[in-house]
Each structure stands twice: as C-alpha cells, then as structure tokens.
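one predicted model, sequence on top.
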Number of protein chains: 2
Amino acid sequence: MGRQPTTSPPVEEYKPVLEYKIGELASLTSCPAETIRYYEKQGLLPAASRNQANYRVYQEGHLKRLQFILHCRALDMTQEEIRLLVTLQDKPDSPCEQVDVLLDNHLQHVEARITQLQHLQEQLRLLRSQCDNHGPVSRCGIIEGLERLDVSTDDHHPDDTCSHVHGSHGL
Amino acid sequence: MGRQPTTSPPVEEYKPVLEYKIGELASLTSCPAETIRYYEKQGLLPAASRNQANYRVYQEGHLKRLQFILHCRALDMTQEEIRLLVTLQDKPDSPCEQVDVLLDNHLQHVEARITQLQHLQEQLRLLRSQCDNHGPVSRCGIIEGLERLDVSTDDHHPDDTCSHVHGSHGL
DNA sequence: TAAAAACCCTGTAGCAGCTACAGGGTCAAG
DNA sequence: CTTGACCCTGTAGCTGCTACAGGGTTTTTA
C-alpha cells in the first residue's frame, strides 16, 4: 500500500494522519463499502472529505464512529436509536439520562422478543410432535394442526409501542 | 346484510353456499383486505372468482386457506415456507416428509434466534450496568462501552443457511 | 329517488437495512 | 497503453406488508 519505504522511515513524521479510502475502511471493519456509503447517506456517519479524484477520504474519527455504529447494530439497535446515540455522543456535556433510557427500552424490546419466540418455539414443538414422518400429507398432523391452530398471540405479541424487534427471519 | 327475511326461512335452502366479499373475509379473519389481496398476488391464496361488479367472491375453501396462512404467519414462517406448505397441502398423497423437514428447519431458526437474542440481552445488561445515570455523556460508561465493544457475534450469529429469523425489531 | 357513505377495484410508493447492479471515472502495474 | 482493481452516483431489489391515489359499485339514508 502507498509508497512507504521498506527501510529507513522518515526521520520525523510530523503529521502521521492516517487516512483511508472507503475500501480500506471496509476491510478494517468488515463492513461493505456500500453499507458505509449508505450510513453516510442516512446521516449516521459524517460525510467524508474527498480527494481530487472525488474519492472519499476517511480519518481515525470516521473509523471510530463506524465501529460505534457497527457495535450498536450488532446489538440490534435501529438506525433511529443509533442516530440518537451518536448525536448524544457529540454533545459530551448533556446528561446521559437519554442514553440510559434508550438502552432500557431497547433491552425491553429484546426481552419481549425472546418471550415471544419462546412461545412460538413451544407451539412449533407441539405441532412437530403431531407427525411421525411416515404417512402421506393427508394424514399429517402438522398440516392438520395448521388448519385448526388456535394461536394465543395476545399475551406474547408485544404491542407496537413496546417492541420493534424482528421476527425469526433474516440475520 | 342481504335480504334474508327475519321470519320464515325458505322451506329448503338447497344450496347454502357461503360466499364472502373481501371485507367480510377480512373481518372474519382479522386480516386486512389489502393483505388478502396481497396474498393472492403472491400466490399464497388462490385467485377468487368475481361477481358482475368485478368484486372478489370467496367461499369456505378460501376462508380455510387464509386461516392456514395466518396460522403459519403467526408461527413466523416466511411466505416461501408457506408456499411450500400449501402446495403440499394440495397434494394429499405426497409423503409428509417435506413438511416435517420444513418444520424442523423452522424450529432451528427460531431456536437460533432465541440464543442470539439471549446473548444480546446479556451484553446489553452488562452495558447498562456501566452507567449510573448521574453524569454527563462524556463520562457515560454506556457510550464508552459502545466505542470499545468487542461483540463476540460469531458463535451466536447463525449463518445464512441456518437462520432467517429476524432481529429484535418489528413485530 | 337522489345524494352520501361505505365498500370494492388497480396500481404505486413507502417502511428497515441493507445488497446488487448499471454505467460511468481514476489509477497503478505489466 | 491496456488491463484490472478500485472508486463514483443512482436506481432497483429483497420481506411482508401498509397506505395511499384515483377510480367504480353498492348500500344506506334523507
């Protein structure tokens, strides 16, 4: 990469500003370049400056911010939640109460989703036990069960205000 | 509804074919009419016949099929999975092995998602404990934690072939 | 009997959180 | 001086709906 001499580094690098092109940032973070651009467009990542070829140029601050975002995503936060967090991060003097509230809410979402999925799991296991795998579909207890099923969702389907946590699909 | 006389029903109703308009089906199933049309377009629900006003006309079979679909959705199955199930349902003589396999796979998806969410839950709780809610953001352990976080996703992020179960957001 | 409300139709756009092009420009190596 | 690896913008696609817009029909009400 670059034109760094393999021997005898400069006597004094008086400005070791690390800069990355988008592909470098991508491989440093394992986040696809397209997603990085997408985060910029969504306002999660501040817009990078450009070099004369109109390529995005990133510094350490962008790297840290991107890692922050990826950590939040790994914890399943929405872009909305992340947006609030990075805004707060940029206002170091504001009280951290909002951060705490956000985290508490998010934890509740996750807990609600776990409960709901456990309920599904139970129902699916019950349904699964209705078939012994040896007959035709016409005598399959699973199909029959799906026709008659009484899904008691109400106690486990959290209402809109309470959960934004995904179903069982997608990563 | 209709012009049914309140007294003295017809001596012999020799064809009590129950038919529904989309709105009736919708309220019978608590499934919005738009979603019913959508399922038809996706091929989950067979296309209804039409009356002279071009309104969809549904019979009992449609009602049952729709309930089947809704039960599957309540169990968090994808349209892809449901499509397979209804196809099999329409072939009563085929072996039910595919049904069983589908259900086993789906159960695995759900289990994998539960495990992953429990892992998230733990991390979120740990993170939450880093802040006592009394200082400015600059001393907030949560923000700090999100900057440094090492999310050990690998053991809990099921790979693409294994899970299609959603994150913690959305219903 | 006519006007108003309630229902139905098709088609399109939007939601989240990306991913995957198409159709270009830039740059370093052989 | 051409090849290939990068970069750019912009748009369309994914899932499972939901919400219109802009029409037509039917039912109810005055």
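Received it, and whenever you're ready, just let me know what you need. Residues are numbered from 1 along each chain as shown, chains lettered A, B, ... in the order given.

for chain A, what's the longest helix?
helix A:97-128 (DSSP state H).

quick one: it near chain B?
Yes - where contact is defined by CB under 8 Å from any CB of the partner chain, part of helix A:97-128 touches chain B, namely A:97, A:99-100, A:103-104, A:106-107, A:109-111, A:113-114, A:117-118, A:120-121, A:123-125, A:127-128. Backbone N, C-alpha and C define where each C-beta goes, glycine included.

now, of those, which are buried?
Among those, those classed as buried by 16 or more other CB atoms under 10 Å in any protein chain shown are A:99-100, A:103, A:106-107, A:109-111, A:113-114, A:117-118, A:120-121, A:123-124, A:127-128.

how far off centre is stretch A:136-149?
Relative to its parent chain, stretch A:136-149 has a centroid offset of 37 Å by CA atoms, centre = their mean, to the nearest Å.

and it, which residues are buried?
Within stretch A:136-149, the residues scored as buried using 16+ other CB under 10 Å are A:Val137, A:Cys140, A:Gly141, A:Ile142, A:Ile143, A:Glu144, A:Gly145, A:Leu146, A:Leu149.

among the residues you listed, which pair sits farthest apart?
Using CB to CB, the buried residues of stretch A:136-149 span at most 16.6 Å, a distance reached by A:Val137 and A:Leu149.

and the pLDDT for the spatially most central residue of chain A?
Nearest to the mean C-alpha position of chain A, counting by CA atoms, centre = their mean, stands A:Arg73 at 2.3 Å. A:Arg73 is assigned 94 on the pLDDT scale.

quick one: the helices in chain A, in order.
With DSSP H as the criterion, chain A has helices at A:22-29, A:33-41, A:60-74, A:79-89, A:97-128, A:141-148.

return the residues of chain A in contact with DNA strand D.
Residues of chain A found near DNA strand D (CB under 7 Å from any atom of the strand) are A:21-24, A:26, A:33-34, A:37, A:48, A:54-56, A:169.

would you point out the most distant pair within those?
Greatest spatial distance among these (CB to CB): A:Asn54 and A:His169, at 38.5 Å.

closest to B:Glu80 out of the helices of chain A?
With respect to B:Glu80, and counting by CB to CB, the nearest of those is helix A:141-148 at 15.6 Å.

contacts for that closest one next, please.
A:126-128, A:130-132, A:137, B:64, B:67-68, B:71-72, B:85, B:88-89, B:96, B:99-100, B:103 (CB atoms under 8 Å, 6 or more residues apart in numbering or on different chains).

excluding its backbone neighbours, what's nearest the residue in chain A that chain B sits nearest to?
In chain A, no residue comes nearer to chain B than A:His166, which is 2.3 Å away by CB to the nearest CB. Leaving aside its chain neighbours, A:His166 sits nearest to B:His166 (2.3 Å; criterion: CB to CB, 6 or more residues apart in numbering or on different chains).

hmm, A:Gly167 and the one you found touching each other?
Yes - in this structure, B:His166 is within contact of A:Gly167 by CB atoms under 8 Å, at 4.1 Å.

more neighbours, these two?
A:Gly167 (25 against 22; other CB atoms under 10 Å in any protein chain shown).

how far away is that one from DNA strand C?
Relative to DNA strand C, A:Gly167 is positioned 12 Å away (CB to the nearest atom of the strand, to the nearest Å).

list phi and psi for that residue.
Backbone torsions for A:Gly167, taken as degrees, to the nearest 10, come to phi -70, psi -150.

excluding its backbone neighbours, what's nearest whichever residue of chain A sits closest to DNA strand D?
The nearest approach of chain A to DNA strand D comes at A:Gly23, 2.5 Å away (CB to the nearest atom of the strand). Distances taken as CB to CB, 6+ apart place A:Ala33 nearest to A:Gly23, at 5.8 Å, with adjacent residues excluded.

any idea how many residues pack against the one you found?
Residues lying near A:Ala33 (other CB under 10 Å) number 15.

what score does it have for pLDDT?
pLDDT, A:Ala33: 97.

re earlier: does DNA strand C have contacts with the longest helix of chain A?
No - judged by CB under 7 Å from any atom of the strand, helix A:97-128 stays clear of DNA strand C, getting no closer than 10.9 Å.

how far does stretch A:44-51 sit from the chain's center?
Distance, centroid of stretch A:44-51 to centroid of chain: 21 Å (CA atoms, centre = their mean).

pull the CA atoms of that stretch into CSV?
Provided in CSV are the C-alpha atoms of stretch A:44-51 (Å, rounded to 0.1, in the frame of the first residue of the first chain):
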residue,chain,number,x,y,z
LEU,A,44,-25.1,8.1,10.8
LEU,A,45,-21.6,8.7,9.6
PRO,A,46,-20.4,12.2,8.8
ALA,A,47,-19.7,12.9,5.2
ALA,A,48,-16.1,12.2,4.3
SER,A,49,-14.0,14.8,2.6
ARG,A,50,-12.9,14.0,-1.0
ASN,A,51,-9.6,13.9,-2.7
